[in-house]
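>>> Fold the stuff below for me.
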Amino acid sequence: MLNTKLVTWALGLFAAVTFIVCVIYGLVTPQSLHMHAFLEQVLPGFKWLTWWGFVVGLIESFLYGAYAGLVFCPIYNRLHRYFDAKQSGD
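Numbers count the residues shown, from 1 in each chain. Model (predicted):
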């Protein structure tokens, strides 16, 4: 069984760190390799190379990761109980 709170925080932080890595990658690579157009499409309010855009992107990335944890854990735990009960009955 997964702890929903723990997985939610872990995925939120993972997504936030991944966003930071993507921004750093965009700063050190040639413009042809940037993903800023993708980030601007996926993260509403994100604008490349602005402080406000960075903060908005960081918050949205964390929230997307947290959402994944909030949705994934109950589904996983329910399936875990179902298949565990099914194996016990066999």
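>>> ok, so what distance separates residue 48 from residue 27?
Residue 48 is 10 Å from residue 27, where distance means Cβ to Cβ, to the nearest Å. Any C-beta I mention is one placed from the backbone N, CA and C, and that applies to glycine too.
>>> Settle it for me: which of these two has more neighbours?
Each of residue 48 and residue 27 has its neighbours counted (other Cβ atoms under 10 Å); residue 48 has more, 16 against 10.
>>> For the nearest residue to the more buried one once chain neighbours are set aside, the count of nearby residues, please.
Nearest residue to residue 48, sequence neighbours excluded (Cβ to Cβ, 6 or more residues apart in numbering): residue 36, at 4.0 Å. When neighbours are defined as other Cβ under 10 Å, residue 36 has 16 of them.
>>> all numbers from here: first residue = 824
Sure, I'll start counting at 824 from here, so that last one is residue 859.
>>> Distance of residue 859 relative to residue 867?
Taking Cβ to Cβ, one finds residue 859 at 14 Å from residue 867.
>>> Repeat that for residue 882.
11 Å.
>>> neighbour-wise, which of the two wins?
When neighbours are counted by other Cβ under 10 Å, residue 882 and residue 867 differ, and residue 882 comes out ahead with 15 against 9.
>>> Could you list every helix and strand in contact with the one helix or strand that one maps to?
Residue 882 belongs to helix 874-912 when assigned by DSSP states H and E. Contacting helix 874-912 under the criterion 3 or more Cβ pairs under 8 Å, 6 or more residues apart in numbering; DSSP states H and E are the following elements: helix 827-851.
>>> Could you check how far whichever helix or strand comes after the helix it packs on is from the centre of its chain?
Next along the chain after helix 827-851, taking DSSP H and E as the criterion, comes helix 859-865. Offset of helix 859-865 from its chain centre (Cα atoms, centre = their mean, to the nearest Å): 15 Å.
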